[in-house]
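Chemist: Could you look at this predicted model? Sequence included:
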Amino acid sequence: MSKIKHILVIRLSAMGDVAMTVPVIRGLVLQYPELKVTVVSRSFFKPFFDSIPHVDFFGVDVNSRHKGSLGLFKLFLDLKKLKIDAVADLHNVIRSKAIRKIFGFLGKKIVASNKEREDKNALTREENKIFKPVKTMFEIHAETFKKLGFEINLSNPIFPPKKVLSTKIISLIGQNHQKLIGIAPFAQYESKVYPQDLMQKVINDLANHNYKIVLFGGGNDEISILNEMKGDLKNVEVIAGKINLSEELSLISNLHIMLSMDSGNGHMAAMLGVKVITLWGATHPFAGFLPFNQPLKNAIISDREKYPLLPTSVYGNKIVDGYQDVMRTILPEKVVEKIIFELESEK
């Protein structure tokens with residue numbers, strides 16, 4: 001029997017990356033119910049873990065108490081009080097490395113996720129590209145916990161039940177929807193964003209099929225664009241800016257399908273067991289970021305025959321001249337057809 005009873009798990013940001021830890025941590029505690037886990041991340045992400053048994057959450061205050069070098073030491077002192085037995089660093093950056101190494105000096109077992117950078121570089125480089133899948137982030141994180149002696153089976157995941165929608169959400173979107181579609185048209189980098197005019201065609205076409213469509217995003221600029229997309233469409237609602245993260249997760253859990261870029265919203269939907277259709281521009285699912293438990297056939301990818309250097313980036317932050325319009329090779333009709341096919345296959 002393992003001597004490890006309490007694992008400190010570190011994954012500080014960003015939203016999609018934190019969401020990708022959720023299915024792995026859920027699988028861990030469900031398969032090892034005697035184990036306790038404390039997740040260390042930004043306070044904003046706490047709702048991701050609220051429904052997982054045996055999981056506590058520690059919010060890092062990067063703007064005040066835990067800011068800078070002194071703040072890093074204070075973070076260690078705060079975490080030391082939790083009486084953990086081991087540290088699983090799923091982030092593996094300077095801040096998380098420092099924390100885990102201090103715990104290592106105290107004799108705690110420490111492990112870290114290997115980001116497989118060499119294989120990802122081979123996938124995205126221009127010359128001598130090796131176009132084959134690398135390990136998914138879920139496999140990588142599972143391997144990290146295996147180093148601690150906890151082998152996780154992710155092949156038959158258990159997802160939380162759908163949340164009961166609050167009166168607030170019902171007042172925003174209505175109720176008794178036959179099919180509820182979520183669309184999240186934004187991503188951190190422009191190279192991963194489906195052109196607005198094409199996304200508008202997708203929304204218009206789906207609206208003509210009388211599906212209820214909910215638009216997700218954040219920030220004033222995105223909300224303004226979403227309101228443009230909604231226009232006068234009666235069965236399209238902009239939810240961005242109207243609900244908090246907990247409420248958003250509750251709504252997402254009730255979706256029949258989510259259309260997302262290679263972005264956090266797709267991972268949030270997938271961690272709740274919702275079917276996700278993803279659109280890919282400069283990036284590619286072979287880089288290990290296909291949403292959890294989603295088949296490759298649900299990823300609609302830009303034309304590699306026309307743009308053979310794809311994928312040009314792991315995260316979408318690399319600009320390649322002449323590749324700005326790769327996502328225009330994804331026809332709106334194909335996206336709509338795929339969504340309708342997946343919705344109707346549920347019957």
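Modeler: Right, received. Where do you want to start?

Chemist: Now Thr38. Nearest residue, chain neighbours left out?
Modeler: Excluding its sequence neighbours, the residue lying closest to Thr38 (CB to CB, 6 or more residues apart in numbering) is Asp56, at 4.5 Å. The way it works is simple: take the backbone N, C-alpha and C, and place the C-beta from them, glycine included.

Chemist: how near is the one you found to Lys275?
Modeler: 30 Å (CB to CB, to the nearest Å).

Chemist: In this structure the residue nearest to Thr38 contacts Lys36, no?
Modeler: Yes - in this structure, Asp56 is within contact of Lys36 by CB atoms under 8 Å, at 7.2 Å.

Chemist: Show me where this structure has its helices.
Modeler: Along the chain, the stretches classed as helices by DSSP state H are 15-31, 68-80, 94-105, 117-124, 137-146, 167-173, 196-208, 220-230, 245-252, 264-271, 332-344.

Chemist: tell me the angle the third one makes with helix 68-80.
Modeler: The directions of helix 94-105 and helix 68-80 differ by 50 degrees, with axes from the mean of the first three to the mean of the last three CA atoms, to 10 degrees as the criterion.

Chemist: for helix 94-105, the distance to its chain's centre please.
Modeler: Centre-to-centre, helix 94-105 and its host chain are 25 Å apart (CA atoms, centre = their mean, to the nearest Å).

Chemist: Also the shortest one?
Modeler: With CA atoms, centre = their mean as the basis, helix 167-173 stands 25 Å off its chain's centre.

Chemist: pLDDT averaged over that helix - what is it?
Modeler: Across helix 167-173, pLDDT averages out at 95.

Chemist: do the fourth one as well
Modeler: Over the span of helix 117-124, the pLDDT mean works out to 96.

Chemist: Low-confidence regions, this protein specifically.
Modeler: The model of the chain has pLDDT under 70 over residues 1, 347.

Chemist: Quickly list the domain ranges of it.
Modeler: Taking automatic domain parsing as the criterion, the chain consists of the domains 6-146, 167-344.

Chemist: Pipe those domains into TSV and attach mean neighbour count and distance to Leu154 per row.
Modeler: Below are the domains of the chain laid out as TSV (neighbours: other CB atoms under 10 Å; distance: least, CB to CB, whole Å):
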stretch	mean neighbour count	distance to Leu154
domain 6-146	18	6
domain 167-344	19	8
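
Chemist: Of those, give the one that comes closest to Phe159.
Modeler: Distance to Phe159, taken as CB to CB, is lowest for domain 167-344 among the domains of the chain, at 3.0 Å.

Chemist: Compute the first-to-last residue distance for that closest one.
Modeler: One end of domain 167-344 sits 28 Å from the other (CA to CA, to the nearest Å).
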